[in-house]
Every structure is written in C-alpha cells, then in structure tokens.
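*Asks:* the following block contains a protein sequence and its predicted model.
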Amino acid sequence: MENRSRLSLLHETLLRLLSMAENVVRRIWSVTLGRFIFVKPMGSRDPAVEVATINFIRRNTTIPVPRIFGAVRYRGSQYIFMTRLAGTELSRRRWKAYSQDSRDAIISQLKDYISQIRQIGPPPSSPPFICSILGGPVTDHRLCVDRPYGPYRDEEQMNLQVRQGFSVDEFGKVFNLPQDAVDIVRRSHDIQHPIVFTHNDIAMRNILVDGDCVTGLIDWECSGWFPEHWEYTKACWTDFHAEEWVRDLKGFIPPFDLEYLADDIVGWSRSWEPRLNL
C-alpha cells in the first residue's frame, strides 16, 4: 500500500514537472519564434485539406493568407505551422466602433476577395461534385456535426442530406411544418445553383484587420466547392447575434434571401445529426 502511495506521488510530481516545462516552453516560444510563426492545433482532424486549400488560395488569388511550413503530429494531435499574420480578429465591438468610411473600406476589400474566390473554376470532374479541394468529404456543421461528409454528387444530393434523407413533403410532416414553410423549402431546393469555390466560414473571428485594412482571411478547413448561395447562408449563421454585421454581409457576399430563409426553416426544425451516410 505504501509503495502504491509513493508511485502515485511520483506520478503526480512528474506530471507537474512536465506541465511546468511545457509552460516555460510556451513562454519562450511566445517571445521568440512565436512572434512570427502561428501553430494551429487540429486535434485529431486531418490537416491535409486546410494545408492544401491555403496553398491553393495563395497560388490563385491575392487574398492574404498564411504561408504554410508544414504539419506535424505530436502526442496524438495534429498541428499546422504557418506564418503569423499581422492584425487582430474582427469583433462585434470593433465593428460597431468603426466609422462608416472604415466599414466601407473593409467591405470593399472583402468584396474583392470573395469575387476572386468565385472566379476559381469548378473541380475538374463530372458531374461537378460538392467536395473539398482534394475532391473528398467536406467539413460543415450545417450538414452534419460528427465528421466530414460527402463528396456530394450534386446539389440535389446535398439538399437530401440537409433534409436528413426525407423528401420535402416528408420533412414537412416529420417536423410539423406549416404549408407555407414547406413551399419555401421546396422552391429553394428546386433551384440548381452553379458550384463555386467557397470559404464556408466567413465569420468575424476569421477576418484579421489592422485599422481598416484586412490583413488576413483565415481558417479554411471547411472550404471547398459548394452551391453559390452557401457562402451567404453560412455567413448569416456564423455571427447571427450581431445584427449590424449580418446586415452588412450583403455588401460583399451576393445575398440569397430565399435560400437563407429555407435554410433557417430547415436548420431550426431538424436534429443536427445526419441520417444519411453520404
């Protein structure tokens, strides 16, 4: 019994020492290389899609994104090493404090960046798959929360995933939707939108600014080819509590009000867990 107590004490002591050592390393890192290199922890998620996407964006646009040094696995977790961009995250408080001229300047820059993304051609496949930059599954919590899903053959199949495998009429009955709501979902899901490259997480936290200059657009792990309305639909959800920001989104992302309304109906009606293994 006494030996067990000694072993337990030794174990706790070693853990404390390791923790102290890691804290020292973090402090040293923050005032040395950490000023120039940003390390993004990915947990168990595969960093390949985000690494490939950022490199792709660097080659095909003028959007300010980090330069990737590489990805490593440490203690079962994945980490991406990249350059640290200047600026700080945009926030609701910062956005409300900006003058209209500063807001207009930021909106103009973001509009140019979204336009550049839209000019990237669709993936070289037929039919035009809804997929990641690598042609595989996409990460999107509006579609499913447990893991990446897809790729989707087309928008019809993606909408079927959104409706959890139900037809529009079945979905309306299962979730007890009024007929006018069912009609909105049907009208939206009957539209076949062009498939365009999409950041898919345009949130204030992913926009870096220095004054009224946009210094970075970050967090590309959810990106890929999606229907053209999806950028706007997703952006309206990322900061939906910031009404002034959601209003200003229309200044730099082409709006799709019918599609957003349909997604609002579907999103609040269903479970976030998928029923289809697509």
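*Replies:* Great, that's in hand. Here the structure is a predicted model, which is why all the values come from computation and not from measurement.
*Asks:* going along the chain, name the helices of the stretch 51-200 of the chain.
*Replies:* With DSSP state H, counting those that start in this stretch as the criterion, the stretch 51-200 of the chain has helices at 92-97, 100-118, 155-162, 168-174, 179-189.
*Asks:* got the contact list for the longest one?
*Replies:* For helix 100-118, contacts defined as CB atoms under 8 Å, 6 or more residues apart in numbering pick out 57, 60-63, 90, 95, 98, 196-199, 202, 207, 209, 211-214, 217, 228, 231, 248, 251-253. Yep, even glycine has a C-beta here, placed from its N, CA and C like the rest.
*Asks:* can I get stretch 140-157 in PDB? Just the C-alpha atoms.
*Replies:* Coordinates of each C-alpha in stretch 140-157 appear next as PDB, following Å, rounded to 0.1, in the frame of the first residue of the first chain:
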ATOM      1  CA  ASP A 140     -19.700  21.600 -42.500                       C
ATOM      2  CA  HIS A 141     -21.800  21.600 -39.300                       C
ATOM      3  CA  ARG A 142     -24.800  22.800 -41.200                       C
ATOM      4  CA  LEU A 143     -24.700  19.400 -42.900                       C
ATOM      5  CA  CYS A 144     -23.500  17.200 -40.100                       C
ATOM      6  CA  VAL A 145     -21.700  17.600 -36.800                       C
ATOM      7  CA  ASP A 146     -19.900  14.300 -36.300                       C
ATOM      8  CA  ARG A 147     -17.400  14.300 -39.100                       C
ATOM      9  CA  PRO A 148     -16.800  15.400 -42.700                       C
ATOM     10  CA  TYR A 149     -19.400  14.100 -45.200                       C
ATOM     11  CA  GLY A 150     -19.600  13.700 -49.000                       C
ATOM     12  CA  PRO A 151     -18.500  14.400 -51.500                       C
ATOM     13  CA  TYR A 152     -21.900  15.100 -52.900                       C
ATOM     14  CA  ARG A 153     -22.800  14.100 -56.500                       C
ATOM     15  CA  ASP A 154     -24.800  17.400 -57.000                       C
ATOM     16  CA  GLU A 155     -26.900  19.900 -55.100                       C
ATOM     17  CA  GLU A 156     -29.900  17.600 -55.100                       C
ATOM     18  CA  GLN A 157     -27.900  15.000 -53.100                       C
END
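*Asks:* only the buried residues of that stretch, if you could.
*Replies:* Of the residues in stretch 140-157, Asp140, Arg142, Leu143, Cys144, Pro148, Tyr149, Gly150, Pro151, Tyr152, Glu155, Gln157 count as buried by neighbour count, 16 or more other CB atoms under 10 Å.
*Asks:* where is pLDDT lowest across those residues?
*Replies:* When the buried residues of stretch 140-157 are compared on pLDDT, Cys144 comes out least confident, at 77.
*Asks:* which stretches of the stretch 151-278 of the chain have low pLDDT?
*Replies:* Within the stretch 151-278 of the chain, the stretches with pLDDT under 70 are 268-278.
*Asks:* now for Val185: which residues touch it?
*Replies:* Residues near Val185 by CB under 8 Å, 6+ apart: Arg163, Val168, Phe171, Gly172, Leu177, Ala262, Ile265, Val266.
*Asks:* same thing with Glu228?
*Replies:* In this structure, Glu228 makes contact with Arg118, His193, Pro194, Ile195, Val196, Pro254, Phe256, judged by CB under 8 Å, 6+ apart.
*Asks:* okay, the residues you listed in a markdown table with neighbour count next?
*Replies:* Compiled in a markdown table, the contacts of Glu228 are given as follows (neighbours: other CB atoms under 10 Å):
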| residue | neighbour count |
| --- | --- |
| Arg118 | 15 |
| His193 | 14 |
| Pro194 | 12 |
| Ile195 | 24 |
| Val196 | 21 |
| Pro254 | 15 |
| Phe256 | 21 |
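*Asks:* what's the closest of those residues to His241?
*Replies:* Phe256 (20.8 Å; CB to CB).
*Asks:* burial measure for the spatially closest residue to the closest one that is not a sequence neighbour, as a count.
*Replies:* Ranked by CB to CB, 6 or more residues apart in numbering and with sequence neighbours excluded, the top spatial neighbour of Phe256 is His229, at 3.7 Å. His229 is flanked by 25 other residues according to other CB atoms under 10 Å.
*Asks:* quick one: residues contacting His229.
*Replies:* For His229, the contacting residues are His193, Phe256, Glu259, Tyr260, taking CB under 8 Å, 6+ apart as the criterion.
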